[in-house]
Structure formats: C-alpha cells, structure tokens
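>>> Sequence first, then the predicted structure:
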Amino acid sequence: MEPKFWDKNPNKIPQKNFLEGFHFKPLALNKTRKFYEFILVDTDFVAIKHYKDPKDPSNITHTTFQILKFLTPSLFGQNPNNTQKFSMLFDRIGYNYWDYVDAWTKTFWYQNKTNLHSWLIYFKRNILYKFPKWFLQWWDFCGPIEEILPTPAEEGFKVFKSMYDSQNTWILIDHQFFSSFLLSWIFSW
C-alpha cells in the first residue's frame with residue numbers, strides 16, 4: 001500500500017482509499033455495494049434481510065443471506081456484456097452478467113459503524129443447485145470451513161466424504177455437503 005493511503009489505525013484506511021460506503025475499488029460511481037445487492041435481490045436469486053440494533057436503528061448488526069438459485073450464463077440468455085434492466089426503478093442502465101458475478105462478492109463489503117457486522121449465509125430447502133464455475137472462487141472467499149462443524153455434523157461429513165465421488169464432478173466436497181444438508185454459517189470481516 002502506498003504510504004499516503006496507509007494508517008496505523010486500520011479503520012481509517014477505507015476512509016483514505018474509498019468513497020463513503022465503498023470498501024472496494026469503484027469501477028463506476030453508480031456501482032455501489034447497494035447496486036450489487038439489488039442485483040441479487042431483484043433477480044430473486046438471493047433473499048437478503050438486514051437486522052437493525054433496537055437501541056440504534058441506524059446500525060445494521062447482522063444480515064441473513066439465503067441462496068435461492070444461481071444465474072448461469074445460459075440462463076442470462078444473451079451476451080454476458082449486454083445489460084438487463086431492473087424490475088424496479090433503481091439504476092437506468094441496468095446490469096450485465098459480470099455485474100451479477102461481482103455482486104456475489106461486493107455485496108459482502110458492508111461494515112457497520114461498530115465494525116461488528118456479520119452475515120448468516122444458508123441455502124434454501126428443496127432446491128437442486130446448478131453451481132456455475134465462478135462460484136468456486138466465491139466459496140473460497142465466503143464459504144465455510146470444515147473446522148466450524150459441530151461434532152455430529154463433523155461425523156456426518158466424514159461419512160459423506162467416504163461416499164463422495166469427486167472424480168465425476170468439479171464441485172468441492174464441502175461445497176456439496178453444505179448445500180445438500182442446508183448448513184448455515186456466519187461470515188464476518
């Protein structure tokens with residue numbers, strides 16, 4: 001990091017490097033974290049609910065993130081660089097497939113004023129997921145790790161591993177386990 005942008009207080013670094021409300025490099029000023037979150041909600045591929053501190057309604061303490069389904073390039077149905085319009089008036093330009101893919105990471109770049117925000121992430125019941133390949137990178141960044149499993153689930157994971165046919169799929173075993181058994185996890189930074 002350039003010395004001009006560094007600070008011994010890590011909470012001041014975003015203020016020196018990013019616009020207010022951004023915790024990532026803005027490629028376009030209209031593409032805020034809320035823009036990316038709205039893509040996921042507007043497409044009905046994710047359900048997001050923010051929870052406010054009852055003592056301070058301006059402070060979002062945590063958020064639930066329910067994975068409903070995925071937009072694959074074939075479902076997008078056109079050149080991934082072409083734009084789709086939002087169903088409600090939000091941004092006149094709309095979004096393209098690459099914005100949708102970015103939304104899966106940039107949505108999580110939210111931090112509250114106490115730096116204690118967390119996300120509860122989980123899969124929806126009774127869904128057979130078709131994971132796009134880019135989801136592997138998201139899983140590496142936001143997905144859970146085996147060490148968080150409580151003892152009964154850890155035992156189940158060992159059995160699942162022994163029966164999992166990794167030769168005929170590119171889906172990681174932990175990825176398949178969490179989505180098949182609808183296990184939730186907390187993501188926080």
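Good, I have the coordinates.
>>> Going by C-alpha atoms from here, please, whenever you check contacts or count neighbours.
Will do.
>>> So the residue nearest the centre of the chain versus residue 37, what's the distance?
Central residue of the chain (C-alpha atoms, centre = their mean): residue 104, 4.1 Å from the mean position. According to C-alpha to C-alpha, to the nearest Å, residue 104 stands 8 Å off from residue 37.
>>> picking that back up, give me the distance between the residue nearest to the centre of the chain and residue 33.
Residue 104 sits 10 Å away from residue 33, going by C-alpha to C-alpha.
>>> got the contact list for stretch 113-133?
With contacts defined as C-alpha atoms under 8 Å, 6 or more residues apart in numbering, stretch 113-133 is touched by 59-72, 110-111, 171, 179, 182-189.
>>> By residue count, tell me the biggest helix in this protein.
Longest among the helix segments of the chain by residue count, using DSSP state H, is helix 151-163.
>>> what mean pLDDT does the helix or strand following that one have?
Once helix 151-163 ends, the next helix or strand along the chain (criterion: DSSP states H and E) is helix 173-180. Averaging pLDDT along helix 173-180 yields 87.
>>> Helix 173-180 packs against which elements?
The helices and strands touching helix 173-180, judged by 3 or more C-alpha pairs under 8 Å, 6 or more residues apart in numbering; DSSP states H and E, are helix 151-163.
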